[in-house]
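# Model the structure of this input:
(chains A and B)
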Amino acid sequence: MGKEKIKYALVTGGSRGIGRAVCIQLAKDLDYTLLINYNSNKDAAEETLAIVKEVGGSGEIIQFNVTNSEGVKTKLEQWHEDHKDAVIEVLVNNAGIKKDGLFMWMPKEDWSSVINTSLDGFYNVTNALIQKLLTNRYGRIINIVSVSGLKGTPGQTNYSAAKSAVIGATKALAQEVAKRKITVNAVAPGFIETDMTEDLEESELKKMIPVNRFGKPEEVAHVVSFLASDKTSYITGEVININGGIYS
Amino acid sequence: MMTRQTIIEKINDFLIEDFEVEEEELEPSANLKDTIGLDSLDFVDLVVAVESNFGVKLVGEDFVNVITLQDFYNLIEKKLD
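Predicted coordinates:
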């Protein structure tokens, strides 16, 4: 019998916002070492790591741009080379960007970059890890999508399309890998207090939210942490809304 | 250089041990999916088993024309050549 492997949870875009909250919640709730991915903001990633350690967890940071297929592959292969006793058992595909604007005026670049980050990012990271997860015969993949991917949000055709596509991929992949005790689920937040929503007028928007406020990143993180746990073996291909009641 | 016989023995060994295939099912003409009962996910494990036994990394495309056990022996023999 081989030595028990060190189990990691990789969170893409883990330096800020929902990603950071997820890292912290996983560190509090579950027995995983965190692998905190960032693209450009190393200081923020270090800060997340410091908080993870403060709450009793452990982890490391890892730089890669999820849109760069080759870069992701090389970086993760290298990481596995350097961590022969490790297995990434939980993957949270969280990295995302938005570039809002009316479709009529939307440059191709804004369309593509949003899709590249959410959808290709999902492919690049998940595909690089899936074979190892399959041979591990246990895993949790959680994709952070959005209410926009379910109901569509005006001014966000690109973001809605990208998130909707990830929801489709979630459902398909869930069925492919279920036999190997790997679950694939999506979490769809509504308006959450992060950098991504800081330009939005909360006082105006909250009127249309039944709970009458924006959500907190921690509230999303609790759902992710639950899905990442071993209590959820029979939940797969599911999209869990967390939006204060604006859509279900 | 590994002989064809050694390749066949090695493959049969891990199919019996790791894939719980019955020895009598291991006819060269046996269909890997229908007769031997390997599902698409088992092919992932096959890739890993081949890599650890023969040091050869297979990709999905390698399996395009692999239908029977014979095809699989041929594939490995060709890869080792």
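# drop to CA atoms for contacts and neighbour counts, all remaining ones
Fine.
# from memory A:F122 sits against A:N93, does it?
Yes: counting by Cα atoms under 8 Å, A:F122 touches A:N93, with 6.1 Å between them.
# any residues in contact with both of those two?
A:N143 (Cα atoms under 8 Å, 6 or more residues apart in numbering or on different chains).
# ranges for the helices of chain B?
Applying DSSP state H to chain B gives helices spanning B:4-18, B:40-54, B:69-80.
# Next, the angle helix B:4-18 makes with the shortest one.
Meaning helix B:69-80. 120 degrees (axes from the mean of the first three to the mean of the last three Cα atoms, to 10 degrees).
# Poorly predicted segments of chain A, please.
For chain A, the stretches with pLDDT under 70 are A:1-3.
# got the residue ranges for the strands in it?
A:6-11, A:33-38, A:59-63, A:86-93, A:139-144, A:182-189, A:239-242 (DSSP state E).
# Mind checking those for the one nearest to chain B?
strand A:182-189 (11.9 Å; Cα to the nearest Cα).
# Pull the distance from that closest one to the chain's centre.
Relative to its chain's centre, strand A:182-189 lies at 9 Å (Cα atoms, centre = their mean, to the nearest Å).
# who touches it?
Against strand A:182-189 from outside (Cα under 8 Å, 6+ apart): A:133-134, A:137-147, A:149, A:167, A:170-171, A:173-174, A:177, A:220, A:223-224, A:227, A:233, A:235-243.
# circling back to that earlier point, select, out of the strands of chain A, the one closest to A:N212.
Counting by Cα to Cα, A:N212 lies closest to strand A:239-242 out of these; the figure is 13.5 Å.
# Can you give the strand pairings for that closest one, parallel or anti for each?
Taking DSSP bridges as the criterion, strand A:239-242 forms sheet pairs with strand A:182-189 (parallel).
# Let me have the strand it pairs with in PDB, keeping just the CA atoms, if that works.
What follows is strand A:182-189 as a C-alpha-only set of coordinates in PDB (Å, rounded to 0.1, in the frame of the first residue of the first chain):
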ATOM      1  CA  ILE A 182     -16.600  12.400  -8.800                       C
ATOM      2  CA  THR A 183     -19.400  14.900  -8.500                       C
ATOM      3  CA  VAL A 184     -19.600  18.000 -10.600                       C
ATOM      4  CA  ASN A 185     -21.900  20.800  -9.500                       C
ATOM      5  CA  ALA A 186     -22.400  24.500 -10.100                       C
ATOM      6  CA  VAL A 187     -23.100  27.300  -7.700                       C
ATOM      7  CA  ALA A 188     -25.000  30.200  -9.200                       C
ATOM      8  CA  PRO A 189     -24.600  33.400  -7.100                       C
END
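# tell me the angle of that strand relative to strand A:139-144?
Here the directions of strand A:182-189 and strand A:139-144 differ by 20 degrees (the same axes, to 10 degrees).
# buried stuff in strand A:182-189?
A:I182, A:T183, A:V184, A:N185, A:A186, A:V187, A:A188, A:P189 (16 or more other Cα atoms under 10 Å in any protein chain shown).
# contacting residues around the residue most central in space within chain B?
Residue closest to the mean C-alpha point of chain B, counted by Cα atoms, centre = their mean, is B:F72 at 4.9 Å. B:F72 makes contact with B:V66, according to Cα under 8 Å, 6+ apart.
# Longest helix in chain A, by number of residues?
Per DSSP H, chain A has its longest helix at helix A:157-177.
# Residue 32: how many residues sit nearby?
All of this is about chain A. Neighbour count of A:Y32, defined by other Cα atoms under 10 Å in any protein chain shown: 21.
# Chain B, not that one
21.
# Check what pLDDT the nearest residue to it once chain neighbours are set aside gets.
Distance criterion Cα to Cα, 6 or more residues apart in numbering or on different chains; nearest residue to B:L32, sequence neighbours excluded, is B:T68 at 5.3 Å. For B:T68, the pLDDT comes out at 95.
# tell me the helices in chain A, going along the chain?
Secondary structure of chain A (DSSP H): helices at A:17-29, A:42-54, A:69-82, A:108-115, A:121-136, A:148-151, A:157-177, A:202-205, A:217-228.
# Let's have those in TSV, adding mean neighbour count and distance to chain B.
TSV is the format used below for the helices of chain A (neighbours: other Cα atoms under 10 Å in any protein chain shown; distance: least, Cα to the nearest Cα, whole Å):
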stretch	mean neighbour count	distance to chain B
helix A:17-29	24	29
helix A:42-54	18	34
helix A:69-82	14	14
helix A:108-115	18	26
helix A:121-136	19	6
helix A:148-151	20	30
helix A:157-177	21	8
helix A:202-205	12	46
helix A:217-228	20	22
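# For these, could you give me JSON lines that also reports distance to B:T35?
JSON lines is the format used below for those (distance: least, Cα to Cα, whole Å):
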{"stretch": "helix A:17-29", "distance to B:T35": "44"}
{"stretch": "helix A:42-54", "distance to B:T35": "51"}
{"stretch": "helix A:69-82", "distance to B:T35": "35"}
{"stretch": "helix A:108-115", "distance to B:T35": "43"}
{"stretch": "helix A:121-136", "distance to B:T35": "23"}
{"stretch": "helix A:148-151", "distance to B:T35": "43"}
{"stretch": "helix A:157-177", "distance to B:T35": "21"}
{"stretch": "helix A:202-205", "distance to B:T35": "60"}
{"stretch": "helix A:217-228", "distance to B:T35": "37"}
